[in-house]
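> next input, structure requested:
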Amino acid sequence: MISIITVNFKQRDVTIDLLRSIQENRPDEAIEVVIVDNGSEVDYGVDFREVMPDVVYVRSERNLGFAGGNNLGITHAKGDYLLFLNNDTEITEDLIVRLKKELDDHPEAGLVSPLLLYHEDKDLIQYAGYGKINYFTGRNSAGGSKEINQGQYDRVCEETAYCHGAAMMCRRRDLDCVGLMDERYFLYYEELDWGEKFRRAGLKCWFCGAAHVYHKESVSVGKETPIKTYFMARNRMLFIRKNAGWLAIGCFSLFFLLIASTKQALVYIAKRRFDLIKWHYKGVWWNMTHATDSYDLGFKLIR
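Numbers count the residues shown, from 1 in each chain. As a prediction, this is how the structure comes out:
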């Protein structure tokens, strides 16, 4: 069985669109769909079952974030393969079968992601693989970003540095040695950290260009919001602190505090988004005051 896991956060209609796309492109193989309703104030189970009667609906009164929501979904899923989809995606024909085949054909691959295209411009590529993050700057390259899709990745099936959290599949058995997503991230960078965990377990991240997903980018959080600003700054530092060596952590910290953060503040000033400066530095400050515990200000902000 293949379990599809998605996390909903106050976006009933967007999640229903995803369910419809799964119904329209449902493979012959057995699948189940698990919806984790994060921070749920309303029970949408009836609405979701009108579209997909056999959906597994898991309601969480507390917002667990992307990582926590997916981890909760894993505990309710029964499949041997787990496909994680953002609720703001829509799938295409053969996507599920193609991703499963990549894992079957490549036992060294632990995670696999498809080609991501922007939903509002279905010929524009968002993701075609990632480059390795430079531990000294916290930056990496994004393959195919903003290219016009002309089929140039249709035959590309190869290792990539990281998979994309909007759409990725793994085998359940690999989680025994890899573990679940780190819930300290809450939002952003959790799939990159997960990719590092797969790599340390001797497995590769994989990209399959023949499989396509349409992504309604930024529907879940929005562009240039306090939430996004806070977690991007916070988790960029957390990722380096967790995965790099001491020399790289020291160099990155100096670079991020003295150069990257100053540049980001100037960008916000130019855009007259003075409110975001505060949230960027709150994300930085979290790393100064939190070593291992998972509680942080972002939980208060997003509830």
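
> got the CA coordinates for stretch 118-131 in PDB?
Backbone C-alpha positions of stretch 118-131 (Å, rounded to 0.1, in the frame of the first residue of the first chain) are rendered in PDB as follows:
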ATOM      1  CA  TYR A 118       4.100  26.400 -10.500                       C
ATOM      2  CA  HIS A 119       0.300  25.900 -10.500                       C
ATOM      3  CA  GLU A 120      -0.400  29.400 -11.700                       C
ATOM      4  CA  ASP A 121       2.100  28.900 -14.600                       C
ATOM      5  CA  LYS A 122       2.300  25.200 -15.400                       C
ATOM      6  CA  ASP A 123       5.200  25.600 -17.800                       C
ATOM      7  CA  LEU A 124       7.400  27.300 -15.200                       C
ATOM      8  CA  ILE A 125       9.700  25.100 -13.100                       C
ATOM      9  CA  GLN A 126      10.000  25.500  -9.300                       C
ATOM     10  CA  TYR A 127      12.200  22.600  -8.400                       C
ATOM     11  CA  ALA A 128      14.400  20.100 -10.400                       C
ATOM     12  CA  GLY A 129      16.800  19.100  -7.600                       C
ATOM     13  CA  TYR A 130      18.900  21.000  -5.100                       C
ATOM     14  CA  GLY A 131      22.600  21.600  -4.700                       C
END
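
> on the three-state scheme, E196 is what?
helix (DSSP: H, G, I helix; E, B strand; the rest coil).

> residues touching it, list them.
E196 makes contact with N243 under the criterion CB atoms under 8 Å, 6 or more residues apart in numbering. C-beta here means a position set from N, CA and C on the backbone, and glycine is covered the same way.

> again with K223
Listed by CB under 8 Å, 6+ apart, K223 has no contact partners.

> so which strand or helix has it?
Using DSSP states H and E, K223 sits in no helix or strand.

> pLDDT score for it?
As predicted, K223 sits at a pLDDT of 73.

> same deal with the one 10 residues further on?
In the predicted model, A233 carries a pLDDT score of 97.

> again, but for D28
86.

> residue boundaries of the helices in the chain?
Listed in chain order, the helices found in the chain under DSSP state H are 12-24, 45-51, 65-76, 95-105, 175-178, 190-200, 226-243, 246-255, 261-270, 274-289, 297-302.

> mind giving me the packing neighbours of the biggest strand by length in the chain?
Across the chain, the longest stretch assigned as strand under DSSP state E is strand 204-215. Using 3 or more CB pairs under 8 Å, 6 or more residues apart in numbering; DSSP states H and E, the elements in contact with strand 204-215 are strand 89-91, helix 95-105, strand 109-118, strand 157-160, helix 190-200.

> what's the most buried one of the ones you listed?
Highest mean neighbour count among the helices and strands packed on strand 204-215 (mean count of other CB atoms under 10 Å): strand 109-118, with a mean of 25.

> pLDDT on that strand, on average?
Per-residue pLDDT over strand 109-118 has a mean of 97.

> list the pairing partners of that strand within its sheet, with orientation.
Applying DSSP bridges, strand 109-118 is found paired with strand 121-127 (antiparallel), strand 167-171 (antiparallel), strand 204-215 (parallel).

> cool, thanks, talk later.
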